[in-house]
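Asks: fold the following and give me the result.
(2 chains)
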Amino acid sequence: GAVVSQHPSRVICKSGTSVKIECRSLDFQATTMFWYRQFPKQSLMLMATSNEGSKATYEQGVEKDKFLINHASLTLSTLTVTSAHPEDSSFYICSARDSSGTLGNTEAFFGQGTRLTVV
Amino acid sequence: DAKTTQPTSMDCAEGRAANLPCNHSTISGNEYVYWYRQIHSQGPQYIIHGLKNNETNEMASLIITEDRKSSTLILPHATLRDTAVYYCIVRSRRNAGGTSYGKLTFGQGTILTVHP
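Replies: I've put the predicted structure just below:
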């Protein structure tokens, strides 16, 4: 099946530093990728929609200057958590859908997630 | 997208069928029913989707009532590895070419525990 890869799977960083998370579609092209956040014992919440070659669309309440999204190619989107604080500790998950028709399927596929811990 | 209601948790014995219900009484004619599951500390995994006919694949079966106001996901022979949170999501496929397509709204889901 289609594979969406996230890196790193786990990261621990100091408060005030920035962390970059990568999301790659490995066997298809994705003009659109989605970033979700999940706190313990809660459901996934959409943060933003990442569009290749254009600005990301952020959900209400998500700070675009804190969560920088770059989607510079058809197979890679990055989420940078800037000036991270302990309250940013969470499970970050990306998803992507095949925009090239390679898979014959337009559904979204999810990465394995990134566990961010800010100390 | 229509809202869904699922039980908070369910138990199932290993080897038995797991039947997970979902209510979506406000579903509209162009909305599909999707099921995903999330095993602990992993990203969600697509299971199955359907419009009005029952569907079956290698993972599960989806039974949708005739009025489409509810559905049931069936795992025919549950294993311990099926322990996960199962999400029922209702979504339109009308704008399949749009940039927002693929965006999913997750509810709380059903925590399915399969025990020996």
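Asks: can you name the next helix or strand after the worst-scoring helix or strand of chain A on mean pLDDT?
Replies: The weakest-scoring helix or strand in chain A, judged by mean pLDDT, DSSP states H and E, is strand A:108-110 (a mean of 87). Per DSSP states H and E, the first helix or strand lying C-terminal to strand A:108-110 is strand A:114-118.
Asks: helices or strands next to that next one in the packing?
Replies: Packing partners of strand A:114-118 (3 or more CB pairs under 8 Å, 6 or more residues apart in numbering or on different chains; DSSP states H and E): strand A:10-13, strand A:19-25, strand A:90-97. Any C-beta I mention is one placed from the backbone N, CA and C, and that applies to glycine too.
Asks: name the strands paired with the first one and say parallel or antiparallel.
Replies: Using DSSP bridges, strand A:10-13 pairs in its sheet with strand A:114-118 (parallel).
Asks: for the least confident helix or strand of chain A, list every residue counted as buried.
Replies: Going by neighbour count (16 or more other CB atoms under 10 Å in any protein chain shown), the buried part of strand A:108-110 is A:A108, A:F109, A:F110.
Asks: near chain B too, which of those?
Replies: Among the buried residues of strand A:108-110, proximity to chain B is found for A:A108, A:F109, A:F110 (CB under 8 Å from any CB of the partner chain).
Asks: I'd say the last one and B:P44 touch.
Replies: Yes - with contacts counted by CB atoms under 8 Å, A:F110 reaches B:P44, the gap being 4.8 Å.
Asks: any residues in contact with both of these two?
Replies: Overlap of the contact sets of A:F110 and B:P44 (by CB atoms under 8 Å, 6 or more residues apart in numbering or on different chains) consists of A:I93, A:S95.
Asks: sorry, back to before: so what strands line up beside the least confident helix or strand of chain A?
Replies: Taking DSSP bridges as the criterion, strand A:108-110 forms sheet pairs with strand A:90-97 (antiparallel).
Asks: pLDDT score assigned to B:A2?
Replies: With respect to pLDDT, B:A2 scores 68.
Asks: nope, B:N53 is what I was after
Replies: pLDDT recorded at B:N53 is 89.
Asks: which element, helix or strand, includes it?
Replies: Using DSSP H and E, B:N53 sits in no helix or strand.
Asks: A:E87 - that's part of a strand, no?
Replies: No - looking at A:E87 with DSSP: H, G, I helix; E, B strand; the rest coil, it is helix, so not inside a strand.
Asks: quick check: it vs A:K64, distance?
Replies: Look at A:E87 and A:K64: by CB to CB, to the nearest Å, they are 17 Å apart.
Asks: when these two are compared, which one has more neighbours?
Replies: Counted by other CB atoms under 10 Å in any protein chain shown, A:E87 and A:K64 do not tie: A:K64 has more neighbours, with 13 against 9.
Asks: nearest spatial neighbour of that one, skipping sequence neighbours?
Replies: Spatially, and ignoring its direct neighbours in sequence, A:K64 is nearest to A:Y58 (4.8 Å; CB to CB, 6 or more residues apart in numbering or on different chains).
Asks: what about the one you found, neighbour count?
Replies: Around A:Y58 there are 17 residues (other CB under 10 Å).
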